[in-house]
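Participant: Provide a 3D model corresponding to the input given below.
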Amino acid sequence: MTKAQNKTRVTAIDPAGFIASIDHPTRRADAEALDRLFRRVTGFLPRMWGPTMIGYGQYHYRYDSGREGDFLATGFSPRKANLSIYILPGYADIGPILSRLGKHHTGKSCLYVNKLADIDPVVLEELIRAGLEDLGRRWPVTPG
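Facilitator: The predicted structure is shown next:
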């Protein structure tokens, strides 16, 4: 019996080329700013996960069920509807930090913002660090 592979895996797509190809000028500028911010905060170089997710660092997980795989530690995707920011591992209570962020909404493991101008970048840096620290307590985070 073979185990199912994650659908979202590292690809050979160049993150800088992907960002440069974004048509909407505000979304492209926000992606460029997020790339600089994530590089500075994490110390990791970006890698594309699937066709649209830019990841910084990765981790290998293994659940009690036997399912295991690799996934990005943190990152973002400049989608048409909003910026999806992957910083919420789902374990820690980061509500107090989120309350200071600005205009956003959250999903199970994503933070969604319409544009960077809607949020406080200093608080976003704090969220990225908190998410990585929380993740690192469960699974070792590596540069990838």
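Participant: Compute the first-to-last residue distance for stretch 32-50.
Facilitator: 19 Å (C-alpha to C-alpha, to the nearest Å).
Participant: and it, which residues are buried?
Facilitator: With burial defined by 16 or more other C-beta atoms under 10 Å, the residues of stretch 32-50 counted as buried are 34, 35, 37, 38, 41, 42, 44, 46, 47, 48, 49. Quick note: C-beta positions are derived from backbone N, CA and C, even for glycine.
Participant: Those in strands, which ones?
Facilitator: Using DSSP state E, the subset of the buried residues of stretch 32-50 located in strands is 46, 47, 48, 49.
Participant: Identify the residues contacting the third one.
Facilitator: Under the criterion of C-beta atoms under 8 Å, 6 or more residues apart in numbering, the contact partners of residue 48 comprise 10, 11, 12, 13, 14, 15, 18, 54, 55.
Participant: Can you list the low-confidence ranges for the chain?
Facilitator: Scanning the chain for pLDDT under 70 picks out 1-5, 88-92.
Participant: make it 80
Facilitator: Residues of the chain that meet the criterion pLDDT under 80 lie in 1-7, 88-93, 108-109.
Participant: Helices of that one, start to end?
Facilitator: Remark: helices assigned in the chain by DSSP state H are 15-20, 25-42, 95-98, 121-136.
Participant: coming back round to it: and the buried residues of stretch 32-50, which two are the farthest apart?
Facilitator: Pairwise distances across the buried residues of stretch 32-50 (C-beta to C-beta) peak at 18.8 Å, for the pair 41 and 48.
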